[in-house]
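*Asks:* here you go, sequence then predicted model.
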Amino acid sequence: MAPSVPRTRAAAALRMKQIALDNQDHTIRRLRAQLATERRGVAATKKELKETQVALEASHKVIAGLTEIGLSMSKKIEKMKVKKQLVKANHVECHQKFQACIHEAEDSMQAQHLLIEALVDEKDSLLQTIHDLQEANNAPAPFDGDWEEEPEEEPEEIEDIPLGEGEIDDE
């Protein structure tokens with residue numbers, strides 16, 4: 001039994017080493033599979049990171065463009081506000097000038113109306129003076145203040161002359 005025991009021990013030791021190697025081999029395959037999975041995950045993460053960076057750069061460009069547009073619009077709005085104020089001031093000035101012209105015209109019309117009233121009063125006074133002088137001299141009144149209108153003459157009608165042969169019609 002002695003010689004078989006060492007063989008059994010040696011066989012057992014070899015068997016144990018074989019099992020250990022098998023376990024290590026299995027562990028190595030499992031770790032390699034995990035490593036491959038991790039590498040795929042890292043590659044996917046790197047791809048996502050790259051896509052995110054591209055999208056972020058595009059977003060920065062869009063934001064910069066929108067900011068530039070916003071600044072441009074702000075400048076235009078400010079210019080429009082200034083222009084609106086100038087137009088409003090110009091409108092007020094024109095309105096004031098127009099009102100001044102209206103008042104001047106009204107004053108002129110009122111002055112002309114007063115002048116006309118004064119002339120009518122003077123005419124009435126002169127007519128009364130003439131009438132009084134005529135009565136004092138027992139003379140007939142040549143003018144009694146009423147205007148006589150002459151009847152309007154109607155224009156003569158022109159007869160249509162028929163066109164003969166060979167005559168030219170200018171119409």
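*Replies:* All right, it came through fine. What you see is a predicted model; the values in this text were computed from it and never measured.

*Asks:* going forward, measure contacts and count neighbours with C-alpha atoms only.
*Replies:* OK.

*Asks:* can you pull up the most central residue in the protein?
*Replies:* Met80 (10.0 Å; Cα atoms, centre = their mean).

*Asks:* so how far is the helix or strand that that one is a member of off the chain centroid?
*Replies:* Using DSSP states H and E, Met80 sits in helix 4-136. Distance, stretch centre to chain centre, for helix 4-136: 15 Å (Cα atoms, centre = their mean, to the nearest Å).

*Asks:* report pLDDT for Ile168.
*Replies:* The pLDDT attached to Ile168 in the predicted structure is 57.

*Asks:* same thing with Lys46?
*Replies:* Turning to Lys46, the model gives it a pLDDT of 94.

*Asks:* neighbours of it, how many?
*Replies:* As a burial measure, Lys46 scores 12 neighbours (other Cα atoms under 10 Å).

*Asks:* from Gln53, how far out is it?
*Replies:* Counting by Cα to Cα, to the nearest Å, the separation of Lys46 from Gln53 is 10 Å.

*Asks:* report pLDDT for Glu165.
*Replies:* As predicted, Glu165 sits at a pLDDT of 56.

*Asks:* typo on my end, Ala141
*Replies:* On the pLDDT scale, Ala141 is placed at 57.

*Asks:* equivalent analysis for Arg9, please.
*Replies:* As predicted, Arg9 sits at a pLDDT of 84.

*Asks:* count residues in the vicinity of it, would you?
*Replies:* 12.

*Asks:* next: Lys88.
*Replies:* Using other Cα under 10 Å, Lys88 has 12 neighbouring residues.

*Asks:* which residues touch it?
*Replies:* Neighbouring residues of Lys88 by Cα atoms under 8 Å, 6 or more residues apart in numbering: there are none.

*Asks:* please report how far it lies from His95.
*Replies:* For Lys88 relative to His95 (Cα to Cα), the value is 10 Å.

*Asks:* what's the answer for Leu35, then?
*Replies:* Distance of Leu35 to His95, given as Cα to Cα: 87 Å.

*Asks:* repeat for Arg30
*Replies:* Distance, Arg30 to His95, by Cα to Cα: 93 Å.

*Asks:* with Val54 instead?
*Replies:* Distance, Val54 to His95, by Cα to Cα: 60 Å.

*Asks:* same question for His103.
*Replies:* Distance, His103 to His95, by Cα to Cα: 12 Å.

*Asks:* find residues that contact each of these two.
*Replies:* Residues touching both His103 and His95 (Cα under 8 Å, 6+ apart): none.

*Asks:* can you pull out the low-pLDDT segments for the chain?
*Replies:* Within the chain, the segments meeting pLDDT under 70 span 1-6, 139-171.
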